[in-house]
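**Student:** Below are the sequence and a predicted model for it; my questions follow.
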Amino acid sequence: MADYHKEIVLEVKGLKTHFFTKKGVSKAVDGIDFVLYKGETLGIVGESGCGKSMTSLSILRLIPSPPGKIVEGSILFKEKDLVSVSNEEMRKIRGNEISMIFQEPMTSLNPVIPVGEQIAEAIRLHQKAGKKEAWNKAVDMLKLVGIPSAEKRAKQEPFQLSGGMRQRVMIAMALACTPEVLIADEPTTALDVTIQAQILALIKDLQKQLGMGVVMITHDLGVVAETCDQVAVMYAGHIVEYGPTEKIFQLPKHPYTQGLLDSLPKINEDQEELRTIPGNVPSPFEMLKGCRFASRCSHAKPICSEKHPELLVSEEGHSVRCWKYTDSWGKTPNWTEVSQS
Ligand SMILES: Nc1ncnc2c1ncn2[C@@H]1O[C@H](COP(=O)(O)OP(=O)(O)OP(=O)(O)O)[C@@H](O)[C@H]1O
Ligand SMILES: [Mg+2]
C-alpha cells in the first residue's frame, strides 16, 4: 500500500484500542492501518462515535486508561513503535515531534494562565529556550496564526478570547515546536465558516513551510476535499475505504462512502431535503463478526453479516473492505486481495 517515492512519517498497523467497561468491551478502534507521508494531509472521516478521536489519542498515548487500552498493533514513528516506548520518551515526542489540536480547545488550555505563557512554557519544556526567548517566540507564533495585537493578547487568559482566537492559540501552541506530525481533531467544527476557512488555510500554509504531515480528523467532507491528499473512511472502528482524495470523491467504492457523498448538498440541484443513510451505527459493545455496515447497507448479502470482508487494493492505492468486490460478487479485474484479516 505504501508509496516508496514518498517519505513515510507515521505508519499505523493493525491498531486496536478497546475500552473495558462494566457493560462489556467497547471496540472503539478495531484493527486499522494507514500511512502518513511527509508534507501530506491524511483525512480521517466518519460519523460521530466511529473512533476518529480515539485513533488520534492512541497515537499520542492519551487514551483514558482505564478503561481504555491499546490491545494490539503498532504506531511507527521514526523507527520507534509508539505503542511500546517508555512514558518518558512519549512525553518528549508529544507536543514536540507530534502535536495535536484537540476537539475541545478549552479542555487543553489552562483557564487561569495567560495564553502567551502557556505557549512559552511548551517551548521551554521542549527546546531549552530561555524565558525571554520563549516568550518572544510565543508572541511570534500568535502573530503567525493571525491574532491581532499579539503582544497584548499573549498576556490575556483564555476566557478573554473569542472561540476563534482560542482555536488559533491552540494551533500556535501545537506548532510552536515545529512538529513533524500535526494531528488536528475537528480543528474548525466549533468556528464560523469564515474563520474555518482562514484556519484551514493557515494550517496548509504552515504545513508547506514546515513540511509536516497532518492527520485531519473531520466529519466534514468539504474540508476533506479541500485539504487532504489521502482519505481514510472509518465506520464503527474499522477503515472501510482508503485512498487518494480524488479517487474517493470520483469513484467511491464502499456503500458507506457512497452514502456519505450522497448526503452532501449538491450545488446545482434542487434538493428538497438532504439524503441521509438510514439506520444507526451498531453499538460498539455488540460488534458483529461481519461487515459492521451490513445492517444499513442496501447491497448487503448474507455473507456480509457473517464474515469480515478482506481488504482489496487497486493499482492506484485505493482500497476497500466490501464483499461486493470479491469473488462471490464477481471480482473486479483491477482489484486484488491483499489480506485475510
Ligand atoms: N471512556 C470511554 N469508555 C467507553 N467507551 C468509550 C470511552 N471513550 C470512548 N469510547 C468509545 O469509543 C468510541 C469512539 O469514540 P470517538 O471519540 O473516537 O468517536 P469520534 O469518531 O471521534 O466521534 P465524534 O465525531 O463525535 O468526535 C465511542 O463510540 C465509544 O463507544
Ligand atoms: Mg471525536
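**Tutor:** Noted; the coordinates are in hand. Since this is a predicted model, take the numbers as computed values, not measurements. Ligands and ions are numbered 1, 2, ... in the order given.

**Student:** Check what pLDDT the residue of the stretch 1-150 of the chain found nearest ligand 2 gets.
**Tutor:** Among residues of the stretch 1-150 of the chain, the one nearest ligand 2 by Cβ to the ion turns out to be S53. It sits 3.1 Å away. No exception for glycine: its C-beta is placed from N, CA and C like everyone else's. What the model reports for S53 is a pLDDT of 94.

**Student:** Phi and psi next, for the nearest residue to it once chain neighbours are set aside.
**Tutor:** Computed as Cβ to Cβ, 6 or more residues apart in numbering, the closest residue to S53 that is not its neighbour in sequence is D185, at 5.6 Å. Here the main-chain torsion angles of D185 (degrees, to the nearest 10) amount to phi -90, psi 110.

**Student:** Tell me which helix or strand T17 sits in.
**Tutor:** Assigned by DSSP states H and E, T17 falls within strand 8-21.

**Student:** ok, is the helix or strand just after that strand in contact with ligand 2 or not?
**Tutor:** Toward the C-terminal end, the helix or strand that comes next after strand 8-21 (DSSP H and E) is strand 24-37. No - Strand 24-37 is not in contact with ligand 2 by Cβ under 5 Å from the ion; minimum separation 10.5 Å.

**Student:** Packing partners of strand 24-37?
**Tutor:** On a contact count with 3 or more Cβ pairs under 8 Å, 6 or more residues apart in numbering; DSSP states H and E, strand 24-37 meets strand 8-21, strand 41-45, helix 52-59, strand 68-77, strand 213-217, strand 230-235, strand 238-244.

**Student:** send the alpha carbons of the third one over as PDB?
**Tutor:** Spelled out, it's helix 52-59. Provided in PDB are the C-alpha atoms of helix 52-59 (Å, rounded to 0.1, in the frame of the first residue of the first chain):
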ATOM      1  CA  LYS A  52     -11.700   9.100  15.000                       C
ATOM      2  CA  SER A  53     -10.700  10.800  18.300                       C
ATOM      3  CA  MET A  54      -9.700   7.500  19.900                       C
ATOM      4  CA  THR A  55      -7.400   6.900  16.900                       C
ATOM      5  CA  SER A  56      -5.700  10.200  17.400                       C
ATOM      6  CA  LEU A  57      -5.500   9.900  21.200                       C
ATOM      7  CA  SER A  58      -4.000   6.400  20.700                       C
ATOM      8  CA  ILE A  59      -1.200   7.900  18.500                       C
END
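
**Student:** and the angle for that helix with strand 68-77?
**Tutor:** 70 degrees (axes from the mean of the first three to the mean of the last three Cα atoms, to 10 degrees).
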